[in-house]
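Q: Take this sequence and fold it.
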Amino acid sequence: MSPQPDILVVDDDANFARVLVRSLQRRGFPARAVGSAAEALAACAVARPTHAVLDLMLGEGEDGLRLMQALRERAPGLRVLLLTGYASIATAVEAIKRGADDYLAKPADAAAVLRALGLEGEPAPLAAPEPARPTPWNRLEWEHLQRVLAEHGGNIAATARALGMHRRTLQRKLAKRPSPGGGEPPL
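A: Numbers count the residues shown, from 1 in each chain. Okay, here's the model as predicted:
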C-alpha cells in the first residue's frame, strides 16, 4: 500500500501558492506551501512529502532544478512537478533530463497538477495536440534564446556573444513574455 500523499508547493508567488494549496486541500489532498528553497528544505526535514510542485524560478537566484535534487536527497521517491511562468521547449527538456516527473506552464489548475503528479484521473498527455496554426516567430525566437542560454549555463554575456547580439538586447528579448504557441485564436 502506498503512503498517503503529502504535497509540498514551493513558489515565491504567495497568492498562487495559497490558491493552489487551498484547491488541493478541497479535493482531499494534504498540501502546504512555502516560498523559498530554505523553507522547502526545512519543511522536508519536519515531514517528508511524497509529491512536490516546484516553481522553476524561485526569485533571489534560487533555482527549482537545484532544489529538486536537494529535496530528492531528503525524501527519496519524491515525485516532482516543475511549474513555470516562462515555459519553453528548452526548459522542459532540461527539467525532464534532470529528473522532473512532469512540467507544466503557469497558470495550472489543481486538476492539471494532480494529473501531472499521478494522483487523479488519467495521466497528462505527453504530446500536445497538433496546433491549428504555426507557432508565431517571436515564440520560436524566445525558445531559441532560452535553449542557447541553457547551453551557456545561464550566462547572458556568453549567450549574447554566441548569438552575435548586444547583451542588453538579449536581456530585453528574454524579459518579454513569449506569444502563446499556435492553436489559440487571436482575441
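Q: tell me which residues in the helix or strand encompassing residue 95 are buried?
A: Assigning secondary structure by DSSP states H and E places residue 95 in helix 89-97. Burial within helix 89-97, assessed by neighbour count using 16 or more other CB atoms under 10 Å, is assigned to 90, 91, 92, 94, 95. C-beta coordinates here come from the backbone N, C-alpha and C atoms, glycine included.
Q: need the contact list for the third one.
A: So the one you mean is residue 92. Residue 92 makes contact with residue 103, according to CB atoms under 8 Å, 6 or more residues apart in numbering.
Q: for the fourth one, same thing?
A: Applying CB under 8 Å, 6+ apart, one finds that residue 94 lies in contact with 65, 150.
Q: And the strands in the protein?
A: Assigned strands in the chain, in chain order: 7-10, 31-34, 51-55, 57-59, 62-63, 79-84, 102-105 (criterion: DSSP state E).
Q: what's across from residue 104 in the sheet?
A: According to DSSP bridges, residue 83 are recorded as the beta-bridge partners of residue 104.
Q: Next, count neighbours for it.
A: When counting by other CB atoms under 10 Å, one arrives at 19 neighbours for residue 104.
Q: same deal with the one 5 residues further on?
A: As a burial measure, the neighbour count of residue 109 was computed by other CB under 10 Å and equals 12.
Q: what does residue 142 give?
A: The tally of other residues near residue 142 (other CB under 10 Å) stands at 20.
Q: quick one: it and residue 170 touch, right?
A: No - shown here, residue 142 and residue 170 do not form a contact pair, counting by CB atoms under 8 Å, at 11.2 Å.
Q: Would you mind saying which of the strands of the chain lies nearest residue 165?
A: Across these, the minimum distance to residue 165, taken as CB to CB, is reached by strand 57-59, at 22.4 Å.
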